[in-house]
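In: With the input below, show me the fold.
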Amino acid sequence: MSEETTKQTGWRSNKWVRAAIPALLLHCSIGTVYCWSLFSQNIAEHIGFSKGAVEWAFSFAIFFLGMSAAFLGNFVEKDIHKASLIATICFSLGMALTGFFIYYGGNHPGSTLALVGIYLSYGFIMGIGLGTGYLSPVKTLMLWFKDRKGLATGLAVAGFGAAKAIASPIMESLQKSVGIYKMFWILAAVYFVMMFVGHLLLAKPAGWHEPQGKGEKPSILATIKTKPIGNYIGIWLMFYINITCGLALISQEKMIVKCIGLAASAGIISTFSAIFNAGGRLGFSAWADTMKDRNTIYKLIFILSIAFTALVMVTQGIKTGEGNVLLIIIVIALIMVVNAGYGGGFSNVPTLLSDHYGMGSISAIHGITLSAWAFAGLTGNQVASLIVSNTGSEKTIEYMENGVMHTAVVNPDGYQNVLYFTLALYVVALLLCFLLVRPTDKALEAKRAKKAAK
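Out: Numbering: from 1, shown residues only. Next comes the predicted model:
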């Protein structure tokens, strides 16, 4: 950014108006994809299908988020304004169509058309909106906040994580007052307005010159090859593992809470876990701004995740925690730590990539890296469900909520066994951090300067 540009005044050159606020408007809208668990059971009952069949809509949404980001990264790189408009249209249209197919399924219970329509609407169309909407503000934020890139991207990605906490009570209220399909229509209109305002405001700094020509801008592969290819593979794999482990635990979070005797407080704990998710996105990325090598943040995330996972495994907290205050605290701490690390893993990826490969093709490289999210979306919660379904034994518990007695079927052994899967992957991810992801040039220079000073 030129000195002249930095001295400009007015809202058109204000980094908060042109980058931070539109990023929050976009990410706080698309982040509501994580509210799926609040209404998936209601959708299943309304259209006459099992919850398991309906759950695939969420998996498809995450898959197409990652794949659309991977394939449209170059497009976002060239024109963030058109990309944010496509995100606005696809996300709100997908949500409105989801409402329509829920309405249709309610009138034609068991209709395959309704189920497939939800897959296409919530999964494919909304997925494209998610991928382009997620990418669009990231590079812009790093350009405006070049000295605090982690803080800037963390702020936006925190909006994605906080969306669940903000939207959950609203969605719960709308489901009760207007019904499941009308809720989608109302939210489609609200999110269209929010995202369209974000689209209008979003802009790169006036002084930024975007490389365009072939001689000016190397291919993505050539950019990645500026470092050993193992470096990028390491980043992709540790990002994939962090999401897979996060989804594996988060998908079972509600049932784990019931196992330790806190069924009546599941909603409150879910809100707190969402806050930790958002806080991890902002806190870990802002913390990384103070480090010479951002990869250190991933080492910390994986070490903390390994420590708390191992602690719950050793104490058998999920199986024996009910009535034991210390074990309950340990299990809740694991949930919060994994949520914070899950969020922090997201917010630090674009800045880590920019430190290694520069800003020229960051949207495209970030987009390809988000393909890890796509595959994790198909494996994390599905593997966890497979483990729970095929190991341990179920039991029925009773709990009081709002003065009414409820029952739930849980599998403490199965949830405990999920931790063996996540612990093994966290250890692999930590090894990748040390063995494959090399220090940045900035970190190496600092290390050499420190040695020279001695």
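
In: Which SSE is immediately downstream of the longest helix along the chain?
Out: In the chain, with assignment by DSSP state H, the single longest helix is helix 325-357. Following helix 325-357 in sequence order, the next helix or strand is helix 362-369 (DSSP states H and E).

In: Could I get the buried residue list for the longest helix of the chain?
Out: Neighbour-count burial for helix 325-357, counted by 16 or more other Cβ atoms under 10 Å, picks out 327-328, 330-332, 334-357. Quick note: C-beta positions are derived from backbone N, CA and C, even for glycine.

In: Stretch 44-54 too?
Out: 44, 46, 47, 49, 54.

In: quick one, what contacts the fourth one?
Out: Right, the one you point to is residue 49. 105, 110, 115 (Cβ atoms under 8 Å, 6 or more residues apart in numbering).

In: Do you have the strands of the stretch 201-350 of the chain handy? List them.
Out: For the stretch 201-350 of the chain, applying DSSP state E, counting those that start in this stretch gives no strands.

In: just for it, where's the confidence low?
Out: Across the stretch 201-350 of the chain, the ranges flagged by pLDDT under 70 are 207-219.

In: and what of the stretch 351-454 of the chain?
Out: 446-447, 449-450, 452-454.

In: The same query, at a cut-off of 80, please.
Out: The model of the stretch 351-454 of the chain has pLDDT under 80 over residues 359-361, 400-404, 406, 440-454.

In: quick one on the thing from earlier: can you give me how far the longest helix of the chain is from the chain middle?
Out: Chain-centre distance of helix 325-357: 11 Å, with Cα atoms, centre = their mean, to the nearest Å.

In: ok and that helix relative to helix 362-369, angle-wise?
Out: Per axes from the mean of the first three to the mean of the last three Cα atoms, to 10 degrees, the angle that helix 325-357 makes with helix 362-369 is 130 degrees.

In: Which neighbouring elements make contact with helix 325-357?
Out: If contacts are counted by 3 or more Cβ pairs under 8 Å, 6 or more residues apart in numbering; DSSP states H and E, helix 325-357 sits against helix 126-144, helix 149-177, helix 229-250, helix 253-259, helix 266-288, helix 295-315, helix 317-320, helix 362-369.

In: Residue 355 against residue 438, yeah?
Out: No - if you go by Cβ atoms under 8 Å, residue 355 and residue 438 don't touch, sitting 11.3 Å apart.

In: List the residues that contact residue 186.
Out: 174, 178.

In: what do you get for residue 81?
Out: Residue 81 neighbours (Cβ under 8 Å, 6+ apart): 199, 202, 203.

In: In helices, which of the residues you listed appear?
Out: Going by DSSP H, the helices hold residue 199 from the contacts of residue 81.

In: Make a markdown table out of the contacts of residue 81 and add neighbour count and distance to residue 64.
Out: What follows is the contacts of residue 81, written out as a markdown table (neighbours: other Cβ atoms under 10 Å; distance: Cβ to Cβ, whole Å):
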| residue | neighbour count | distance to residue 64 |
| --- | --- | --- |
| 199 | 23 | 20 |
| 202 | 24 | 22 |
| 203 | 17 | 27 |
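
In: Tell me the one of the contacts of residue 81 nearest residue 402?
Out: Checking the contacts of residue 81 against residue 402 by Cβ to Cβ gives residue 199 as the nearest, at 41.2 Å.

In: contacting residues around the closest residue to the closest one other than its chain neighbours?
Out: Using Cβ to Cβ, 6 or more residues apart in numbering and skipping residues adjacent in sequence, the residue nearest residue 199 is residue 84, 4.1 Å away. Taking Cβ under 8 Å, 6+ apart as the criterion, residue 84 is in contact with 22, 26, 132, 133, 136, 137, 195, 198, 199, 202.

In: which of these lies closest to residue 188?
Out: Closest to residue 188, out of all of these and judged by Cβ to Cβ, is residue 195, at 10.6 Å.

In: List just the nearest of the contacts of residue 81 to residue 308.
Out: Of the contacts of residue 81, the one sitting nearest to residue 308 (Cβ to Cβ) turns out to be residue 202, at 37.8 Å.

In: what does stretch 394-407 rub up against?
Out: Stretch 394-407 is contacted by residues 258, 259, 261, 263, 264, 408, 409, 410, 411, 412 when judged by Cβ under 8 Å, 6+ apart.

In: From residue 418, how far out is the third one?
Out: Put plainly, it is residue 261. 19 Å (Cβ to Cβ, to the nearest Å).

In: The last one now?
Out: When distances are taken as Cβ to Cβ, residue 412 and residue 418 turn out to be 11 Å apart.

In: next one: the second one
Out: As defined by Cβ to Cβ, residue 259 lies at a distance of 12 Å from residue 418.

In: Next: the fourth one.
Out: Residue 263 sits 19 Å away from residue 418 when distances are taken as Cβ to Cβ.
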